[in-house]
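Chemist: generate coordinates for the sequence data below:
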Amino acid sequence: MKNLKEETVNFNPENERIKYNYIIDYRMEKEADEKTCISVLKHLREYELLNSFKPFMTIDNHSIDNYIKNLLDKDLSLSYIEHNLNKVKEFYSWYREQGNNFRKINYSDIKLFRLTRNQKRQARASEYQESYSIDEIYQAIRAMPSNTSFERRNKAIVSIQAICGFRVSELRTIGMKNVKLCKETKRWLIHVNPKDMKAKFAKDRTAYFLPCPKDIQSNVLNWFEELKQLDFKGKDPLFPKINNQFNQMNLLEPKISKCFLKSNTSVSSIFRKAFENVGFEYLRIHSFRHTIIREAERETPEYLNAVRLSLGHSHINTTLQSYGEIPPMARARVFNEYENKKAI
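Modeler: A predicted model of the protein is given here:
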């Protein structure tokens, strides 16, 4: 009974109504998906917890200062704290515009939801993003077995990631209908359609197969043809769930179902095994995108721009800044070339 009482007092009914209205507007204005909306609500919940669930209207510079100090005293990263403060600030900017709230909430108070300049720099400092070399990726793929349908599916999913560099949620939701051959260019592509795939920001794009060795591409296309022979089509998954079942001979055999892989973890385990089997440390699947960008930046600006569009970046700055330790990598190559030239 005590636990029930504690749970019931850990919210403010009026605040809950305000958050409900806010998230409706937020979803419409930002075109935010469910995951993003839940994240916003978690940040507001953090604010309420550290503010003892006081009404949102009771805001002043003293309470804001205490809130930021409480955040800093917790074992939280500065990047998380900055993100939290930005979300709370966005909420209060919206809340101030509702009804006559602008008379009760000072904009100067809302602006106090911020870190110091030095703290912001610390929060935004990016760590070096490790990634495999493209040759290491090909080595891992070529070492993967392909005797069973289970193994061929796994080899195909790692291969398509090397060719297109999808986000994990996109990768596991590719359907048969999304795989297409461009008749004009004779180049294969994946049509990232948010109606069928879990695409970030529900963006529609064409992800052409990037230049790669023929055997790597064949891993994908041969698997695609194998599924077609099993009457996979349309919205059926390109990388279906495969379970081992006992056959009439009491032997285990793979059973392919027309179900998508349910979680990113199930996909990650495929990549982990592939790379650890050849002695490489497992790096997250997203690192393939870094590899692709680092290869592309060695080529012409036109090629880099084409890769940028295939990866789904709206702006080249996203490609260069978010994915790149590109300037450091470029500098390192210059130093290496100089060193070799001078035979130091």
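Chemist: can you pull out the strands in the protein?
Modeler: Using DSSP state E, the strands of the chain run over 179-182, 187-192, 205-208, 240-246, 252-260.
Chemist: output these as CSV; include the columns mean neighbour count.
Modeler: For glycine as for every other residue, the C-beta is placed from the backbone atoms N, C-alpha and C. Converted to CSV, those look like this (neighbours: other Cβ atoms under 10 Å):
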stretch, mean neighbour count
strand 179-182, 14
strand 187-192, 19
strand 205-208, 18
strand 240-246, 14
strand 252-260, 14
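Chemist: can I get the ones you listed in TSV including mean pLDDT and distance to Glu299?
Modeler: TSV is the format used below for the strands of the chain (pLDDT from 0 to 100; distance: least, Cβ to Cβ, whole Å):
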stretch	mean pLDDT	distance to Glu299
strand 179-182	94	21
strand 187-192	94	17
strand 205-208	92	15
strand 240-246	80	35
strand 252-260	84	34
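Chemist: quick one, which of those is nearest to Glu302?
Modeler: strand 205-208 (13.9 Å; Cβ to Cβ).
Chemist: for the closest one, name the packing helices and strands.
Modeler: Strand 205-208 is packed against strand 187-192, helix 301-311, with contacts defined by 3 or more Cβ pairs under 8 Å, 6 or more residues apart in numbering; DSSP states H and E.
Chemist: at 6 Å what do you get?
Modeler: In terms of contacts (3 or more Cβ pairs under 6 Å, 6 or more residues apart in numbering; DSSP states H and E), strand 205-208 is packed against strand 187-192.
Chemist: make TSV from the strands of the chain and add distance to Glu297 to it.
Modeler: Converted to TSV, the strands of the chain look like this (distance: least, Cβ to Cβ, whole Å):
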stretch	distance to Glu297
strand 179-182	25
strand 187-192	22
strand 205-208	18
strand 240-246	35
strand 252-260	33
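Chemist: nearest to Thr300, of these?
Modeler: Nearest to Thr300, of all the strands of the chain, is strand 205-208, at 16.2 Å by Cβ to Cβ.
Chemist: and that closest one, which strands flank it?
Modeler: In the sheet, strand 205-208 lines up against strand 187-192 (antiparallel) (DSSP bridges).
Chemist: how far off centre is the strand it pairs with?
Modeler: Strand 187-192 sits 20 Å away from the centroid of its parent chain (Cα atoms, centre = their mean, to the nearest Å).
Chemist: just the angle between that strand and helix 301-311, please?
Modeler: Going by axes from the mean of the first three to the mean of the last three Cα atoms, to 10 degrees, strand 187-192 is angled at 40 degrees with respect to helix 301-311.
Chemist: pLDDT below threshold where in the stretch 201-344 of the chain?
Modeler: 245-252, 316-335, 337-339, 341-344 (pLDDT under 70).
Chemist: can you pull out the helices in it?
Modeler: When secondary structure is read from DSSP state H, counting those that start in this stretch, the stretch 201-344 of the chain shows helices at 214-229, 264-276, 287-296, 301-311, 316-317, 326-342.
Chemist: same check, this time on the stretch 1-150 of the chain
Modeler: Counting by DSSP H, counting those that start in this stretch, the stretch 1-150 of the chain has helices at residues 2-9, 13-30, 34-50, 61-73, 78-96, 107-110, 117-124, 134-142, 149-164.
Chemist: would you map out the domains in this protein?
Modeler: Domain segmentation of the chain under automatic domain parsing yields 2-124, 134-285.
Chemist: neighbours around Val278, how many?
Modeler: Counted with other Cβ atoms under 10 Å, residues neighbouring Val278 total 13.
Chemist: right, I'll leave it there.
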